[in-house]
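Okay, predicted coordinates and the sequence, questions at the end:
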Amino acid sequence: MTEEITQAPHHIQLSEESLVKQTTTLNLGPTHPATHGIFQNILEIDGERVLSSKQELGYIHRAFEKIAERRSYYQVTPLTDRLNYCSAPINNIGWHLTVEKLIGIKTPKRVDYLRVIIMELARIADHLVCNSVIGVDTGALTGFTYVFQLREKIYDIWEEVCGSRLTTNIGRFGGFERNFSQTAWDRLDALLKEFPKAIKEFEDLLVRNRIFMDRCQGAGPLTAEMALNYSVTGPNLRAAGIDYDVRVAQPYSSYEDFTFNIPIGTTGDVYDRFMVRQGEIWESLSIIQQAMDKLKDLDPSVYHADIPGYYLPEKQEVYTKMEALIYHFKIVMGEIDIPKGEVYHAIEGGNGEVGYYVISDGGRSPYRVHFRRPCFIYYQVFPEIIKNGLLSDAVVTLSSLNVIAGELDA
Amino acid sequence: MNYDNIKELLTAKFGEQIQYDLQHDLLNITLPAEMNLKVIQFLYDDEVLRFRFLTDITAVHLPERAGEELNVVYHLHSLENNIRLRLKVYVPIEKPDVFTLTSLYPGANWMERETYDFFGVNFVGHPNLKRILNADEMDYFPLRKEYTLEDPQRTDKDDEMFGR
């Protein structure tokens, strides 16, 4: 792509080669501070303007769908951790809900509410990371460091509930592996007290900040029509003005019992995506509070469904009862047979509709598993919305789409 | 709007070539492979149905079904009516040709590339049917069932104890 400039103004002394207009090829990635993950964007830029771009992915493809075909259903849960690792519990619980649908398990209300608490914490963690990274990419590192302290508090709760922090493997089919401890409840109470003030402070840093607004408003605009054409879901779709949220459209885990708003945007630019995520954090806090209130009326000892054969029996029963011993052995060895069937279950993940398509042929492991990863699908729209924009806009647009490499590549 | 209406409309338009069954509250529609674009176009264009959101495209390899080994699965969603549909077409593994949906849903582009990458389904008319997650120089389609995860030479692990 070269174009001759025939004549330079005579008073400017330019070298010969600078008179040929050239575009530059720039690699953002595979490892680059702007990608926040391992994937590649090959941009064709003219000065500061992006003319076209090409995406390369698959750098951390781990063949989860293939691996899942040889694993028992329990062993697929840790694979789902590693899809969107910023909100692993949502993926875990989504997988459990899918298998429960296949088996036909009805979970108690208390389990549903506990799951809602964990999933909304994950949503907050996911959105906090994404929004603070938009701050980093616009030159404000302070918010990021504040927010990571907050995320730490959420991780502390997960750690208390399931024993791990990032790749959580939280819960089991039918409920949780153990009841929430008093420490977990105390931490949750402290979080609900502290978060509104801290998040307000974070918003004060950015929302009406002139530099931040100038960098974000109008950058990477995604129209509603384009978002639907490209199957965009989640906060990115809602920022474009479409109020589709799986929690409301097809409620799971008793989301129908809660009252909450779906924040939507109008222009679908970076600023709208930021504001939608920020709005969802407030809604999530409200949902957690509602769940805590609802839990007060329920039997506090229930934390899993009564499904012998699928849920590990109590340890003391394993030592004394025949059936419990058999079930324990079968479950630990992954020898439980899941009924034949074919199921698609969608949940609202941090980035959009996370779908699990499972075909069971009645054996110990799935015949076929397909993960609908929202990132993978909506990342296609990225070259369209950065075209003819500035390179610096492309960088903030990329972080505002919240593309997580683990989810992109599966 | 419910599944019975959809069945009626489709039967009135396309006759008896389409089969239906309900799996866990989701309607499965099985079509002849060459009709996929026609039927989906109809579902897309119909002013009441408005299936204008493509949720997912994937495939399943069924080696025991001779002549129709590859099953391409579409999940469609009508956001206005809040109804989901699953459409299935079966194609032979020697000639796995189906029409692309990229003209209707631009988002089908990468989903179809992924399906091609793992199963080798040839989406006729696709603008850029290349591998997407795997390396370009790969010469096989890894999610097909003939590629086992375990080393087939091993004899110490038998399937009865360790599953597939």
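Good, I have the coordinates. Residues are numbered from 1 along each chain as shown, chains lettered A, B, ... in the order given.

can you list the residues of the stretch 201-350 of chain A near chain B?
Residues of the stretch 201-350 of chain A lying close to chain B (Cβ under 8 Å from any Cβ of the partner chain) are A:228-232, A:242, A:244, A:249-250, A:334, A:341-344, A:346. The C-beta positions use only the backbone N, C-alpha and C, and glycine is treated the same way.

In which helix or strand does B:M138 reside?
B:M138 belongs to no helix or strand when assigned by DSSP states H and E.

Can you pull the phi/psi pair for it?
phi -60, psi 140 (degrees, to the nearest 10).

List the residues that contact the residue lying closest to A:H328 once chain neighbours are set aside.
Among residues not flanking A:H328 along the chain, A:V318 sits closest, at 4.6 Å (Cβ to Cβ, 6 or more residues apart in numbering or on different chains). Neighbour list for A:V318: A:A324, A:L325, A:H328 [criterion: Cβ atoms under 8 Å, 6 or more residues apart in numbering or on different chains].

how does it look with 10 Å?
A:L312, A:A324, A:L325, A:I326, A:Y327, A:H328, A:F329 (Cβ atoms under 10 Å, 6 or more residues apart in numbering or on different chains).

And A:S360, by the same measure?
So A:S360 contacts A:73, A:99, A:102-103, A:337-343, A:366-369 (Cβ under 10 Å, 6+ apart).

helix/strand/coil for the closest residue to chain B within the stretch 151-300 of chain A?
Closest residue of the stretch 151-300 of chain A to chain B, Cβ to the nearest Cβ: A:S231 (3.6 Å). Using DSSP: H, G, I helix; E, B strand; the rest coil, the structure places A:S231 in coil.

wait, A:E201 sits on A:Q149?
No: A:E201 lies out of contact with A:Q149 (Cβ atoms under 10 Å); the separation is 11.1 Å.

and these two? which has more neighbours close in?
Neighbour count, other Cβ atoms under 10 Å in any protein chain shown: between A:E201 and A:Q149, A:E201 has more, with 12 against 9.

counting contacts, what elements does the strand or helix carrying that one pack onto?
Secondary-structure assignment from DSSP H and E places A:E201 in helix A:182-206. In terms of contacts (3 or more Cβ pairs under 10 Å, 6 or more residues apart in numbering or on different chains; DSSP states H and E), helix A:182-206 is packed against helix A:109-137, helix A:141-162, helix A:210-216, helix A:270-295.

Show the low-confidence segments of chain A, by residue range.
Filtered on pLDDT under 70, chain A yields the residue ranges A:1-10, A:19, A:21.

Residue ranges of each domain in it, please.
Domain ranges of chain A: A:2-56, A:65-409, per automatic domain parsing.

tell me the most buried of those?
With neighbours defined by mean count of other Cβ atoms under 10 Å in any protein chain shown, none of the domains of chain A is more surrounded on average than domain A:65-409, at a mean of 20.

end to end, how far does that domain reach?
Length of domain A:65-409, first residue to last, Cα to Cα, to the nearest Å: 11 Å.

Just the contacts of A:S360: which are in helices?
Assigned to helices by DSSP state H, the following of those qualify: A:Y73, A:V99, A:L102, A:I103.

now those in TSV, with distance to A:G362?
Converted to TSV, the ones in helices among the contacts of A:S360 look like this (distance: Cβ to Cβ, whole Å):
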residue	distance to A:G362
A:Y73	12
A:V99	14
A:L102	11
A:I103	12
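
which among the residues you listed are in contact with chain B?
A:L102 (Cβ under 10 Å from any Cβ of the partner chain).

any idea how far A:K106 is from chain B?
Per Cβ to the nearest Cβ, to the nearest Å, A:K106 is found 14 Å from chain B.

in terms of contact, does that residue touch A:E100 like I think?
Yes: here A:K106 reaches A:E100: they are 8.2 Å apart, a contact under Cβ under 10 Å.

list the residues that contact both of the two?
A:G174, A:A305, A:I307.

A:Q22 contacts A:D46, correct?
Yes: with contact defined as Cβ under 10 Å, A:Q22 and A:D46 form a contacting pair (8.4 Å).

Please name the nearest non-neighbouring residue to the residue nearest the centre of chain A.
Central residue of chain A (Cα atoms, centre = their mean): A:G350, 3.1 Å from the mean position. The shortest distance from A:G350 to any non-neighbouring residue, by Cβ to Cβ, 6+ apart, is to A:D126 (3.1 Å).

That neighbour contacts A:C86, doesn't it?
Yes: using Cβ under 10 Å, A:D126 is in contact with A:C86, at 4.6 Å.

okay, and the common contacts of these two?
Shared contacts of A:D126 and A:C86 (Cβ under 10 Å, 6+ apart): A:R151, A:G349, A:G350, A:N351, A:N402, A:I404.
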